[in-house]
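K.L.:
Take a look and give me a structure for this.
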Amino acid sequence: PAPAPAPASAPAPAPAAPAQETLAVFAEKMYATLPLDGDGMLEGKDARGVLMRSGLDVQTLGTIWAEVDHERRGKLDREQFALILGLISVAQGGQEPSLASLDLAHTAPPTLA
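P.N.:
Okay, here's the model as predicted:
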């Protein structure tokens, strides 16, 4: 009798798709590249360039800034920067940016050109 054919080898599993970078990681990496003041804060003048890369209009960005910088310091700490990026992402998705409805754990990083 003829030998039994060798069993077909299973195809190699496809490599896992890279996990999407979380908003928190994205914000942390970006914050680390920006010029910070003596208190480790990001001043508005230094944040402007990054925020303008979002493609959102100045009025929307101003509204987002005002919601996050509720103390009106004109600068952001690390957590506030992440909140601003989250609200930008929400606005880019066509929704009204609001801290009350922002879910940082499930919000994708914004698109910055």
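K.L.:
Chain neighbours aside, what residue packs nearest to Ala108?
P.N.:
Residue nearest to Ala108 in three dimensions, not counting chain neighbours: Ser89, with 5.8 Å by C-beta to C-beta, 6 or more residues apart in numbering. Bear in mind the C-beta positions are built from the backbone N, C-alpha and C, glycine included.
K.L.:
and what of Glu43?
P.N.:
The spatially closest residue to Glu43, leaving aside those adjacent along the chain, is Lys75, at 4.6 Å (C-beta to C-beta, 6+ apart).
K.L.:
Same question for Leu42.
P.N.:
In this structure, Leu42 finds its nearest non-sequential neighbour in Leu76, 4.7 Å apart by C-beta to C-beta, 6+ apart.
K.L.:
what's near enough to touch Leu104?
P.N.:
23-24, 82-83, 86 (C-beta atoms under 8 Å, 6 or more residues apart in numbering).
K.L.:
Can you give me the neighbour number for the residue nearest to Glu43?
P.N.:
19 (other C-beta atoms under 10 Å).
K.L.:
these two touch, right, it and Gly44?
P.N.:
Yes: if you go by C-beta atoms under 8 Å, Lys75 and Gly44 touch, sitting 6.2 Å apart.
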